[in-house]
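Colleague: This is a predicted model, with the sequence first.
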Amino acid sequence: MDTDSSLCTMLYEKFETALRLSEDTLHEDSGDTNIFESKYQAINLFKQLKEDINEICEFSSIKKIILSAAVEYYIGVLRVETEEISEGITSLQKCISLLEKCSASESEELAKDITSLSIKTHNELGMVRTSLSQRRKSLNAFLLSKALHVDYKKRFDAPPRLVPDLFRPETRQSTIEARYTNLESTYTHTLFYIAQAYKHMGNAAMSATYCHATIRRQLDSGSYDPVEWSINCATLSQFYVEAAGKARHCLAAASVVFATATPPDSEEEEASERYERSRADISWCWVKYCLNLLQRSKDTADNVVNNAEDLVSTSDSVVSDDEDEEIDNEDSSDVAALAKETFRGLELTQYEEAVGDVLVADVDAAREVFRFAAKQIEEVKRYYVLDGFAADFLDIIRDHSKLYQLLVYFEVDLSRRCKLHKRRIGLISDVLNQLNAKFFLDDCRQLSYELAETYNEMISLKCEIASTQNEPSHNEASMSCSSNSESSTPVPTLHQTNKINQLATKGIKCFSQFINFLKDNSGKLPSKFDAFYERPAMVAYLCMGRLYSKINTHDISERLGNLQHSVECYKAVVEYCSKHQSAKSSCAQEFEICSEMVDLLPLTMDRI
């Protein structure tokens, strides 16, 4: 802009004074009763500045419009900061209306003058709309800001002027480098705002795409805190449940960037705490990744999805859950390009070769995932210890237990399955023995039930091993068939029988412990269980009934006593479900089985 220097100087000095007052935080921090005094003074100066602009006849009409729009922008921001939201929106909208009068021109000089101002105004308006929960309007404002940036970059090479440069003389203009930095930084913030807006609207896929673009730009710019960036990147990986490739890429990048962070001195307690917690959290995200990979592999192998076409592949495509939400100013091709971007310049081979990103199909592949996850769990447990982070510690123990459970699924050797269950039992038992039920009642309930289920699964495996190992040969079977058809039935060895009996006893003990944890403070079971525990309680009684009947003994009185315990367990289910229709509906199968056993077992006992 070519203007008279004296006029420029006059406007510039008044503008700088107003700007300095608008940025003054002294009153806000001092507890002054009029905390917005300096901001109100700034508003008055900007109003005077607007009058001065209109009175200067030397200015062209376009220049007056642009400067007036800039003043409205500053007034709008100040009105919002002084909690005059409605007036702030009005001023920001005035700014946009003024800029629209000169936006049709293709002049590069004009575009340089108005682009930064327009982008900032739309961003500010979007943030105000967000605070008012006007989600769609806020998103459209941010998307328009993004579109302005993209359009400018396509048309021009030189960066636009900063908003304060509109009032400054040529000798005080910002450098080209500063303008570039401001343009790119503002765009990065815009992408972050869009990510948050999509999140608020419930569109997780689009939110993740823009979060990814935001942190990628931070990485490319070199302007980021390695610890904070790594946590954001690792957290983002948790969204890509159905896209293992993207999830692993994010986690690998998080680990590599975190390794560049300088560990703080031990004297810096807050910084050191943040560093150690972040390292543990990144490792925990790796654990979640491995769990998800194994779980999806199991689900796929089980054919839990009926229509094969509906199976979600491990490709990096993510479909929005918000297809029916029509948003203005969004370019689908641009979004697709954002979704394909990766973290360039990082050497991720170490981590991407350590664990796969495709569904596992056999035990060898499952073991590789398990081993990697187990190492990450140890890293998590270094920080999240039971004494101080009980809730987090218990969560990571549950994840560890789940890893064992998933590995068991892929293991084909029955003996190895038993060994994995045994390790899982040791893991859970060790923690359960350290918990005080008075403070961790729900955790004790959950762990005791899981422990009992694990014993139950081990018994099934031991019985299967016994039937397989003790199966008679072909010749023996042929000979036995000619004499006694029942003699061909596999009979467990004494050692196997004792082992099954021990496991059944421990399983009963754990199920009983779970039931005891459901008692009230007076030591009595409630007349009606909490809805969350109602079905588990019925299943526990059913399982105890079965386990009592699995105990093999030659002592007739002892055997009759076990069967009587079985009847009592089955009766508990029948009587409870008969009193509570909700339980009878939710536990229909258990009720039917127990009803039959209550009738049949006494007949069996009579024959003994």
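Modeller: Received it, and whenever you're ready, just let me know what you need.
Colleague: Tell me where the protein has strands.
Modeller: Using DSSP state E, the chain contains no strands.
Colleague: Pick out the residue nearest the middle of it.
Modeller: Centroid-nearest residue in the chain: Gln238, 4.6 Å away (criterion: CA atoms, centre = their mean).
Colleague: Quick check: closest non-adjacent residue to Phe517.
Modeller: Distances taken as CB to CB, 6 or more residues apart in numbering place Arg445 nearest to Phe517, at 4.5 Å, with adjacent residues excluded. (Each C-beta comes from the backbone N, C-alpha and C, glycine too.)
Colleague: and if you look at Leu503?
Modeller: Nearest non-adjacent residue to Leu503, counting by CB to CB, 6+ apart: Ile459, 4.8 Å away.
Colleague: pretty sure the residue nearest to Phe517 contacts Asp530?
Modeller: No. At 10.1 Å, Arg445 does not count as touching Asp530 under the criterion of CB atoms under 8 Å.
Colleague: Who has more neighbours out of those two?
Modeller: With neighbours defined as other CB atoms under 10 Å, Arg445 and Asp530 compare such that Arg445 has more, 21 against 9.
Colleague: so where is the stretch 451-600 of the chain shaky, pLDDT-wise?
Modeller: The stretch 451-600 of the chain contains residues with pLDDT under 70 at 470-490.
Colleague: That one: helices as residue ranges?
Modeller: For the stretch 451-600 of the chain, the helices defined by DSSP state H, counting those that start in this stretch cover 474-483, 494-517, 531-550, 556-579, 581-586, 588-607.
Colleague: ok, and which of these has the densest surroundings?
Modeller: For these, the largest average neighbour count (mean count of other CB atoms under 10 Å) is found in helix 531-550, namely a mean of 21.
Colleague: That one packs against which elements?
Modeller: For helix 531-550, the packing partners by 3 or more CB pairs under 8 Å, 6 or more residues apart in numbering; DSSP states H and E come out as helix 441-469, helix 494-517, helix 556-579, helix 581-586, helix 588-607.
Colleague: and of these, who's closest to Arg535?
Modeller: helix 581-586 (5.3 Å; CB to CB).
Colleague: hang on, the earlier thing: run through the residues that contact the residue nearest to the centre of the chain.
Modeller: Contacts here follow CB atoms under 8 Å, 6 or more residues apart in numbering; on that basis Gln238 touches 247, 285, 288.
Colleague: per-residue confidence for it?
Modeller: Gln238 carries a pLDDT score of 91 in this model.
Colleague: Just confirm the residue nearest to Leu503 contacts Thr505, I think it does.
Modeller: No. Look at Ile459 against Thr505 with CB under 8 Å: they stay out of range, at 10.4 Å.
Colleague: Make TSV out of the helices and strands packed on helix 531-550 and add distance to Val539.
Modeller: As requested, those are exported to TSV (distance: least, CB to CB, whole Å):
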stretch	distance to Val539
helix 441-469	9
helix 494-517	9
helix 556-579	9
helix 581-586	11
helix 588-607	6
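Colleague: Those: which one's closest to Glu13?
Modeller: helix 441-469 (66.5 Å).
Colleague: Buried residues in the closest one, which are they?
Modeller: Judged by neighbour count using 16 or more other CB atoms under 10 Å, the buried positions of helix 441-469 are 443-459, 461-463, 465-466.
Colleague: for stretch 367-383, same thing?
Modeller: So for stretch 367-383, counting by 16+ other CB under 10 Å, buried means 369-370, 372-373, 376-377, 379-381, 383.
Colleague: show me where the stretch 201-350 of the chain has helices.
Modeller: 204-221, 226-237, 244-258, 269-301, 332-340, 349-352.
Colleague: Burial-wise, tell me which of these comes out on top.
Modeller: Of all the helices of the stretch 201-350 of the chain, helix 244-258 has the most neighbours on average by mean count of other CB under 10 Å, namely a mean of 24.
Colleague: Only C-alpha atoms, please: export that helix in PDB.
Modeller: Coordinates of the C-alpha atoms in helix 244-258 are reproduced here as PDB (Å, rounded to 0.1, in the frame of the first residue of the first chain):
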ATOM      1  CA  ALA A 244      -3.600 -51.800  12.000                       C
ATOM      2  CA  GLY A 245      -1.100 -50.300   9.500                       C
ATOM      3  CA  LYS A 246      -2.000 -46.700  10.600                       C
ATOM      4  CA  ALA A 247      -2.100 -47.600  14.200                       C
ATOM      5  CA  ARG A 248       1.400 -49.200  14.100                       C
ATOM      6  CA  HIS A 249       2.800 -46.300  12.100                       C
ATOM      7  CA  CYS A 250       1.500 -43.800  14.700                       C
ATOM      8  CA  LEU A 251       2.900 -45.800  17.600                       C
ATOM      9  CA  ALA A 252       6.300 -46.300  15.900                       C
ATOM     10  CA  ALA A 253       6.500 -42.600  15.200                       C
ATOM     11  CA  ALA A 254       5.600 -41.900  18.900                       C
ATOM     12  CA  SER A 255       8.300 -44.200  20.100                       C
ATOM     13  CA  VAL A 256      11.000 -42.800  17.800                       C
ATOM     14  CA  VAL A 257      10.200 -39.200  18.600                       C
ATOM     15  CA  PHE A 258      10.000 -39.800  22.400                       C
END
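Colleague: Specify the angle between it and helix 226-237 in degrees.
Modeller: Counting by axes from the mean of the first three to the mean of the last three CA atoms, to 10 degrees, helix 244-258 points 170 degrees away from the direction of helix 226-237.
Colleague: Could you give the average pLDDT over helix 244-258?
Modeller: On average, the pLDDT along helix 244-258 is 95.
Colleague: Pull the residues that contact it.
Modeller: Contacts for helix 244-258 (CB under 8 Å, 6+ apart): 212, 219, 226-227, 229-231, 233-234, 236-238, 240-241, 278-279, 282, 285-286, 289, 292-293, 296, 314-316, 318, 342-343, 346-348, 350-352, 355, 357-359.
Colleague: Without its sequence neighbours, what residue ends up closest to Tyr449?
Modeller: Nearest one to Tyr449, counting by CB to CB, 6+ apart, is Phe514 at 4.6 Å.
Colleague: hang on, that neighbour packs against Val539?
Modeller: No. Assessed by CB under 8 Å, Phe514 is found out of contact with Val539, at 9.9 Å.
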